[in-house]
Structure formats: structure tokens, C-alpha cells
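> I would like to see how this sequence folds:
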Amino acid sequence: MRYISTRDPAHTATLGGAILRGLAPDGGLYVPESFPALPPDALGGARTLAGVAERLLAPFFAGDALAGELPAICAEAFTFPVPLRDLREHTAVLELFHGPTAAFKDVGARFLAAVLSRIAGDDADARPLTILVATSGDTGGAVAAAFHGRPGVEVGVLYPAGMVSPRQEKQLTAWGGNVRAFAVRGAFDDCQRLVKAAMGDPGLRASRRLSSANSINVGRLLPQMAYYAWASTEYRRRHGVDAGFIVPSGNVGNATAALWAMRMGMPVREVVMATNANPALTAFTGGAAWAAHPTVSTLATAMDVGSPSNMERILALYGGEAAARGALRAERVDDAGIRRVIGEGPARWGEVWDPHTATAVAARERIGGEHWIVVSTAHPAKFEGVVEPLIGRTVEIPPELRRLLDHPSHAEPLEPTLDALRAALSMPAPA
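Numbers count the residues shown, from 1 in each chain. Okay, the predicted model is just below:
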């Protein structure tokens, strides 16, 4: 399998090359050159997520030096449960927050770390591999946890200062060692712009090996297809019908993975992108040309994205704006809707929702119909300041998050310029 740029298919790479580079030389995002048809029975009756991932991803590793490592990579990455629980109203919830940092980003981050650590170990270049990641809350914590302590790898986490929850910030800044956290004076889109600029900067690339752990890296999206393949086949096994997924969407990498799984033939009826008040997706599906919008701050902070990078992959998947607009569906939920769903969650659904999952639940309630899987992307304990006043009680903190809260924080302020990032990376981390 080869990987091509969304901007110019002449830019090709192997799987390992695409993952290591992060971005294509023309600034585009790498995508598989094709999506092989893989009917559900081709999963060989696999019932574990690791087993499904190994079978689903085999065509994407074919011909690459990493192909023989795929079983070990899957076994290393998929070590925590992703329960699919049936609720009421012909609705199920796919819980993706049982990993080390209580967010769905753990799946892609752990898989990417398993891949990149093998690439770093096999590369003749002795320079440390520098992983840059922009985060609006959850990605950075997952990447930090996945790469912390791995030899030969350095991590730079860029997050918008003052725009993540306190517990999210703790997950970004409590590591030290080979993980540095940069509090950027700007929005998430500034952080993402800096990472993209660094990936294309000749000076930085000459001085260090650079890769990205954002969902601009195809190595983050490939493993996310696995839980859509597993959950869709499991739902069909239980109920005899195909379910649609409602996906909380910010940078739309998670929704892209669902669309890729659907393209491969997994029993996914439809993918609905649930957004917060940021209007880029619903403006597009409503008929406007695709365009970035100023970032709007909301209660669902990890989805505060005005220019979702992975929309480039979705447009490439469908062959342009007109076809994509006809195929996509998005629902926009404001903060009042998020508060209402969280407050009503225990009574209506028997669930406590985090603000991001609440957007998907609000979309499900608005859409109606039957056989929907709501994708739950984060544990509500990460957003106690929003959730607890609305439900009138405390939310139990997952053990790994509780342990992390006792660690000291280390964050370096950073102006939102490439010059500032270059200078910071050239200096050793503060003691």
C-alpha cells in the first residue's frame, strides 16, 4: 500500500515514510491510495479490538517494513476496553475513554507511539525523533502519556493558554523528562498552524527528525478505524441491522476514520458529525463553500476548532466539495444545548455525559429515528467544573487521572510564531 498527498497524488510514500513525515512535502495530508473492500466476514470472527485492528489494517501495512510488526503493534496499543453499551431508544454508546488519559485520543496516540518507536529504533540517524502535537485539550495528554519515557523520542505539546480545562492542562503539563508543554498565547488553530509550519520548515528539518502526532498524521487515523469496524459489526450481531454513528467533531479526524471504515464496507449506515458552536462544518453542509472560521470558545473545549484540518481528507475521499456536501451530515449544538443534555442525562439516559459527548447526544435527540451509536470521547471527570454543577453531585475520578493530579506541572509560555517555536526547540527544557 502506498500513501499519497491530498494535494498532489504524485507525492507518494510508504506507510512508515508517511507516518514519520507527518505532512506531505506539498503541505497536503497523506491518505491511502485506495480503500480495499473488506466485508465484515473478512474480519475472521475476531471479537477483540486488537484482533479486529490486526485484520482491518493488514492491507494498509502490506509491503511496508512494519508489516511484520502489526500484530505486536496492535497488542501493545489496544490494551484497554472500548465498551459498546445499549441504552434506551434504540441507541448505544461507544465508550472510548477507558484508556490512560480518559479520552478517545489514547487509541491513536498509543498506536502511533508503538509505530514511531519502532521507526526511531530502526533508523540509522542517531538524532532524537521530535514529535510535535497541537492540542485543544485531549490529544496532547494522550500523546504525552503514550511517548513519555520512550528512548530516542522527544515530544513538544502546544496548547492554547487558558483555553483548556484545569484537569486537561494537568494532563498536558505533568510529565517532564522527554515531554515539554508549551502554553501558546493564542487559539488551537494557532497551535495547529505552528505545527504545520514547523513540519515544512527546512531549517528545523535539517537539524532534527520531525514528525507530528496530530490527526494530520495518518498513523493516528488508521487505528481509529478499528473501533468503528468492531462496534458496527458488534451492533449488527446484536440487533441484525446497521447502525449510524454520531461523532463529536472538532478537527474531524475521528469522523474521517468512521467514513474510511464505511468506505471499506463495514456495516456503518451513516456518519453524523456533531459540533459545538464552531460553524465551519454546518456552514459547509448548509451550502457554503468550504472555509475556515474564527474559533469560538465553548464548553466542549477540545472541539473549539475553526479550521478542521482533516476536512482536506474528507474532500479528497469524496472527490470535491459538491460530492462531499451531498454525503455529509452535521449538527451544531451551542452551550445551552450542551448544558441541557448534561443536566438531563442521568434522568433521560441514565448517564453522565462530558461536554463533547453531549453534543453527540443532543444531535441524536434532534435527529430521532432508530439504531444510532453515540461516540463518547471523554470521561466527564475531566470537565468537573461544567458537569458537576449541572448534575448536582461529584463525578468519580478515574484512578490514573487521580494519580496524575498530584504531579507538579511544567509549562513554557510561547508566542504563536514559528520563530518563537524554533527558538524554544533549540533550548534545553527548563529544569
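> could you pull out the strands for this protein?
Applying DSSP state E to the chain gives strands spanning 3-5, 12-13, 30-32, 84-86, 91-95, 129-134, 153-160, 179-184, 209-212, 243-248, 268-275, 329-332, 372-376, 412-414.
> Only the buried residues of stretch 237-245, if you could.
For stretch 237-245, the neighbour count (16 or more other Cβ atoms under 10 Å) marks 242-245 as buried. In short, each C-beta sits where N, CA and C put it, glycine included.
> residues contacting the closest residue to residue 72 other than its chain neighbours?
Among residues not flanking residue 72 along the chain, residue 114 sits closest, at 7.8 Å (Cβ to Cβ, 6 or more residues apart in numbering). By Cβ atoms under 8 Å, 6 or more residues apart in numbering, the contact list for residue 114 reads 72-73, 76-77.
> of those, buried ones?
For the contacts of residue 114, a burial check counting by 16+ other Cβ under 10 Å picks out 73, 76-77.
> list the buried ones in stretch 127-134?
Those would be 129-134, for stretch 127-134 by 16+ other Cβ under 10 Å.
> middle-most residue in this protein, spatially?
Among the residues of the chain, the one closest to the centroid is residue 105, at 4.9 Å (Cα atoms, centre = their mean).
> Wait, it touches residue 137, no?
No. Counting by Cβ atoms under 8 Å, residue 105 sits too far from residue 137 to count as a contact (9.1 Å).
> where's the helix or strand bottoming out on mean pLDDT in the chain relative to the chain centroid, distance-wise?
Every helix and strand in the chain was compared by mean pLDDT, DSSP states H and E; the lowest is helix 399-405, with a mean of 84. Taking Cα atoms, centre = their mean, to the nearest Å, one finds helix 399-405 lying 21 Å from the centre of the chain it belongs to.
> what does it contact?
With contact meaning Cβ under 8 Å, 6+ apart, helix 399-405 is reached by 100-102, 167, 170-171, 174, 379, 381-382, 397.
> one more time with 7 Å
For helix 399-405, contacts defined as Cβ atoms under 7 Å, 6 or more residues apart in numbering pick out 100, 102, 167, 170-171, 174, 381.
> Counting neighbours, which of those residues comes out on top?
When neighbours are counted by other Cβ atoms under 10 Å, residue 171 leads these with 30 neighbours.
> residues in contact with the closest residue in space to it that isn't next to it in sequence?
When the adjacent residues along the chain are set aside, residue 171 lies closest to residue 141, with 3.2 Å between them (Cβ to Cβ, 6+ apart). With contact set as Cβ under 7 Å, 6+ apart, residue 141 has these partners: 101, 103, 168, 171-172.
> circling back: between the strands of the chain, which gets the lowest average pLDDT?
The minimum mean pLDDT among these belongs to strand 209-212 (a mean of 86).
> Check which helices and strands that strand sits against.
strand 129-134, helix 188-199 (3 or more Cβ pairs under 7 Å, 6 or more residues apart in numbering; DSSP states H and E).
> Please put the alpha-carbon coordinates of that strand into PDB.
Coordinates of each C-alpha in strand 209-212 appear next as PDB, following Å, rounded to 0.1, in the frame of the first residue of the first chain:
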ATOM      1  CA  ARG A 209      13.900  14.500  12.700                       C
ATOM      2  CA  LEU A 210      10.400  15.900  12.900                       C
ATOM      3  CA  SER A 211       7.000  14.200  13.000                       C
ATOM      4  CA  SER A 212       3.500  15.100  14.200                       C
END
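> Tell me the strands beside that strand, with direction?
Sheet pairing of strand 209-212 (DSSP bridges) gives strand 129-134 (parallel).
> biggest separation within the contacts of residue 141, which pair?
For the contacts of residue 141, the farthest-apart pair by Cβ to Cβ is 103 and 172; their separation is 11.8 Å.
> Who has more neighbours out of those two?
residue 172 (29 against 26).
> Any idea how many residues pack against the residue lying closest to that one once chain neighbours are set aside?
Nearest residue to residue 172, sequence neighbours excluded (Cβ to Cβ, 6+ apart): residue 140, at 4.6 Å. For residue 140, the neighbour count with other Cβ under 10 Å is 34.
> My guess is residue 140 contacts residue 131. True?
No. Here residue 140 does not reach residue 131: they are 10.8 Å apart, not a contact under Cβ atoms under 7 Å.
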